[in-house]
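> A structural model of the following input is requested.
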Amino acid sequence: MTITRRPLLLALPALLLAPTSQAQTRVDELRGRLTEDTAESFGRFVADHLDQVISLRLAVAPPARHDGLTVAEEDGRLRLDISAPEKMQVTFFGGQARQPRGFAVDSVYRVRNDGMQMGILIYGLDPLPEAEARQARQSVRPIVLG
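Down below sits the predicted model:
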């Protein structure tokens, strides 16, 4: 079977003009205030986006009661322990800043599964490099935390 150049040359303009799948991808951006009342929704959002890129614009308020959410900072990382929808731990490996009443999270992350320990699902949120984050935020689908 021989391949002629003519069909290949005719198809080339169509390939060059076709939109890329990356340009069509919209990144889910979660916005709002993370409290013990919204911790379950946040946990579900993270679990639903495993191995995907997400954008977060959150105010994280340390809980008063520690019923469903525990917030801790260690070694420059922000760690959240959430008890529902299932026991999970979410660690931010950057992109957070200490505020007078908690933390501000404003970055684009890749969600990864760090395994399970003693029945607790562990997720890591790795911030994307600045150039990739800027590009990802050009096409977001806003979701209000609640």
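
> okay, CA-based contacts and neighbour counts for the rest of this
Noted.

> in this protein, where is pLDDT below threshold?
Within the chain, the segments meeting pLDDT under 70 span 1-24, 65.

> so which residues of it form strands?
Taking DSSP state E, the strands of the chain run over residues 27-34, 53-60, 69-74, 77-82, 88-92, 96-99, 102-117, 120-127, 140-144.

> could you redo those strands as TSV and give each row distance to Gly43?
Formatted as TSV, the strands of the chain follow (distance: least, C-alpha to C-alpha, whole Å):
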stretch	distance to Gly43
strand 27-34	10
strand 53-60	13
strand 69-74	10
strand 77-82	7
strand 88-92	7
strand 96-99	17
strand 102-117	12
strand 120-127	10
strand 140-144	14
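
> export these to a markdown table and tack on mean neighbour count and distance to Ala133?
Below are the strands of the chain laid out as a markdown table (neighbours: other C-alpha atoms under 10 Å; distance: least, C-alpha to C-alpha, whole Å):
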| stretch | mean neighbour count | distance to Ala133 |
| --- | --- | --- |
| strand 27-34 | 20 | 10 |
| strand 53-60 | 22 | 8 |
| strand 69-74 | 16 | 23 |
| strand 77-82 | 20 | 19 |
| strand 88-92 | 21 | 15 |
| strand 96-99 | 15 | 14 |
| strand 102-117 | 18 | 5 |
| strand 120-127 | 20 | 8 |
| strand 140-144 | 14 | 11 |
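
> surely Val111 and Ile54 touch.
Yes - in this structure Val111 lies within contact range of Ile54 using C-alpha atoms under 8 Å: 7.4 Å.

> still on that earlier bit, for Glu40, find the nearest of the strands of the chain.
In terms of C-alpha to C-alpha, the element of the strands of the chain nearest to Glu40 is strand 77-82, at 7.2 Å.

> quick one, the closest one and strand 69-74 angle?
Relative orientation of strand 77-82 versus strand 69-74 (axes from the mean of the first three to the mean of the last three C-alpha atoms, to 10 degrees): 160 degrees.

> chain center to stretch 59-73, what's the gap?
19 Å (C-alpha atoms, centre = their mean, to the nearest Å).

> what's the answer for stretch 80-94, then?
When C-alpha coordinates are averaged (C-alpha atoms, centre = their mean), stretch 80-94 and its chain have centres 13 Å apart.
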